[in-house]
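In: need coordinates for the following:
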Amino acid sequence: MKKKISTRVQLELPEKSMERLLVLKEKTEATSYAEVVKNALRLYENMIEQYESGKQIFLKDDKGNIMEYQIFY
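Out: Presented below is the predicted three-dimensional model:
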């Protein structure tokens, strides 16, 4: 079995960012802040890959209205 190699990273976050991280941890039922950050990085990486390949992302509200979601300007 391959041994996982990891690197410890220490972050200094403003109070508001820490509150956002806590809310995301609770909403996603993540077991740790690290899990939230890892999932966020995966999502962000995928969004960039989709954008770079020319794809667009759209949102649909509860009334059926569709709008393009602008991630990068």
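In: can you give me the helices for this structure?
Out: Using DSSP state H, the helices of the chain run over 15-28, 33-52.
In: right, and those helices - which one's nearest Q70?
Out: Nearest to Q70 among these is helix 33-52; the distance by CB to CB comes to 10.1 Å. Any C-beta I mention is one placed from the backbone N, CA and C, and that applies to glycine too.
In: gap between that closest one and the chain center?
Out: Centre-to-centre, helix 33-52 and its host chain are 5 Å apart (CA atoms, centre = their mean, to the nearest Å).
In: could you name the helices and strands sitting against that helix?
Out: helix 15-28 (3 or more CB pairs under 8 Å, 6 or more residues apart in numbering; DSSP states H and E).
In: buried residues, the helix it packs on. List them.
Out: For helix 15-28, a neighbour-count test (16 or more other CB atoms under 10 Å) marks L21, L24, K25 as buried.
In: what does stretch 27-46 give?
Out: Those buried within stretch 27-46 under the rule 16+ other CB under 10 Å are A30, V36, V37.
In: just send those residues back as a markdown table, with distance to L59 and pLDDT too.
Out: A markdown table is the format used below for the buried residues of stretch 27-46 (distance: CB to CB, whole Å; pLDDT from 0 to 100):
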| residue | distance to L59 | pLDDT |
| --- | --- | --- |
| A30 | 24 | 97 |
| V36 | 22 | 97 |
| V37 | 24 | 96 |
